[in-house]
Every structure is written in C-alpha cells, then in structure tokens.
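**Q** I'll drop the sequence and a predicted model, then ask my questions.
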Amino acid sequence: MIHDFELHPNKRPKILAQTAAHVSGAAFLYRMQNLSLELRASPTPKQRMMGLCLHPKYGGWFAIRGCIVLKDLHCPDLPRLDPIDILTAPVDQMKALELFNFHWRDSRFRDVVSVEERYSKDQQLYFNTPPGQRKHILADIRKKYSAQLGSP
C-alpha cells in the first residue's frame, strides 16, 4: 500500500494518485496537455494547472488516498478498463480545470457533472475547515452521531 502523501527523500511523490486512478479506469484525468493550444493559451497562458480526476458517479466528490501494488501478481488476461470521459467537450474540460485550480475552496469543480452522491454537510464542513480548527467540529460530529446511535 502506498499512500497519496508518501514522498521519496527528494520530496517527489511515491505515486501519482490521479494518474493511477486514470490508468486503473477508476476516474478520468483531465489535464491541460490534452487540450488544444488555443484553449491552453486562454485565459491563463503562463499559469500552471494541476490535473483533475472526475468519476462518472461521484464527479469530484471522492478522494484518491492510495494505491495497492501487487508486484508478484501477473494477470495477462485481466480486462483493462478505460476511464469514462464524462466531459467530452474541450471547453467543459477547461472550465473544470479552471474551477479546480483557481476556485477549489468553493467546490464548484466537484459538480461540473450531475452526481449521484456528494459529501455530507458534516464532511464538507470538516474538509473546509483548517486542520488546526477541526477538533471542535469532530467533537460536534461525534456527539451528533453518538446521540443518533444511542451511545454515550
């Protein structure tokens, strides 16, 4: 198991989690390099943009937290799944990349397609709160769900 936060001594990631999701067929990775030069030049030609994975069911409402590598397992007949391209229009891909890179805090990139499920309000509050301020949110969530389950 390789977690998404693991780094080599030179500070490079041990895995590229979004690339792993794409090649596994789990989610489609949209990148600037795949767009036309015309689209890439507008509106932010000198700005580097990170890629964005979108899932056909969850849109951007999921996280890629790791990868399991089975080094000694060989399955040459295992069917390979291509990721599902849910943003077929290049302008939609560019819009999603811009939302992800420049407006990620408002989560609009997560809903560029219709989604079946999204994070709960509690999850959204937790993830939108700086880590140093999450303790009270966790306490409130624990209290809320303990009461619902009848736990002390």
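**A** In hand now; what should we look at?

**Q** from here on, just use CA atoms for contacts and neighbour counts.
**A** Noted.

**Q** show me where this protein has its strands.
**A** 2-3, 28-30, 52-54, 66-67 (DSSP state E).

**Q** for residue 82, see how far away the residue nearest to the spatial centre of the chain is.
**A** Centroid-nearest residue in the chain: residue 63, 4.6 Å away (criterion: CA atoms, centre = their mean). Going from residue 63 to residue 82 by CA to CA, to the nearest Å gives 19 Å.

**Q** as PDB, could you dump the C-alpha coordinates of the lowest-mean-pLDDT helix or strand in the chain?
**A** Within the chain, no helix or strand scores below helix 37-41, which has a mean of 76 by mean pLDDT, DSSP states H and E. Output of helix 37-41 as PDB, limited to C-alpha atoms (Å, rounded to 0.1, in the frame of the first residue of the first chain):
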ATOM      1  CA  LEU A  37      -3.100  25.100 -27.900                       C
ATOM      2  CA  GLU A  38      -5.800  27.600 -28.400                       C
ATOM      3  CA  LEU A  39      -7.700  26.600 -25.300                       C
ATOM      4  CA  ARG A  40      -4.400  26.300 -23.300                       C
ATOM      5  CA  ALA A  41      -3.500  29.900 -24.200                       C
END
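
**Q** what does that helix contact?
**A** The contact list for helix 37-41, computed with CA atoms under 8 Å, 6 or more residues apart in numbering, reads 32, 90-91, 94.

**Q** how about 10 Å then?
**A** For helix 37-41, the external contacting residues (CA atoms under 10 Å, 6 or more residues apart in numbering) are 32-35, 45-47, 49, 90-91, 93-94.

**Q** give me the subset of these that lies in helices.
**A** Residues of those located in helices (DSSP state H): 90-91, 93-94.

**Q** what's the ChimeraX syntax to select whichever of those are buried?
**A** Of these, the buried ones go into a single ChimeraX selection, burial set by 16 or more other CA atoms under 10 Å:
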select :93,94
